[in-house]
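>>> Predicted model follows, preceded by the sequence.
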Amino acid sequence: MDEKNFKAITKKLAEAGLVSKNQIADIYKETDEILSMIIAPIKTLRARPQSKIVNPKS
């Protein structure tokens, strides 16, 4: 599911009265936090230069 579909579904849930706008705001915030935790190590690994250490057993 992409972000556009996610927002459309959560908007419909709020319009139907199944969840409050505060709950949706909390869901968006938590989703952003989870994505940040996933993306941060990827960015760190990409920013590091390759190690020059060679494995002597290989």
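Done, it's in. The structure displayed is predicted, hence computed values, not measured ones.

>>> Now E33: which helix or strand?
E33 is located in helix 21-47, with elements delineated by DSSP states H and E.

>>> What of V54?
For V54, there is no enclosing helix or strand under DSSP H and E.

>>> and it, how many neighbours?
Per other C-beta atoms under 10 Å, the neighbour tally for V54 reads 7. Where you see a C-beta, it was placed from the backbone N, CA and C, and this is true even at glycine.

>>> how near is it to R48?
From V54 across to R48, the span is 17 Å (C-beta to C-beta, to the nearest Å).

>>> follow-up on the earlier one: report all helices and strands that the helix holding E33 contacts.
For helix 21-47, the packing partners by 3 or more C-beta pairs under 8 Å, 6 or more residues apart in numbering; DSSP states H and E come out as helix 3-15.

>>> tell me the angle the helix it packs on makes with helix 21-47.
160 degrees (axes from the mean of the first three to the mean of the last three C-alpha atoms, to 10 degrees).

>>> ok, and what's touching helix 3-15?
1, 19-21, 24, 27-28, 31 (C-beta atoms under 8 Å, 6 or more residues apart in numbering).
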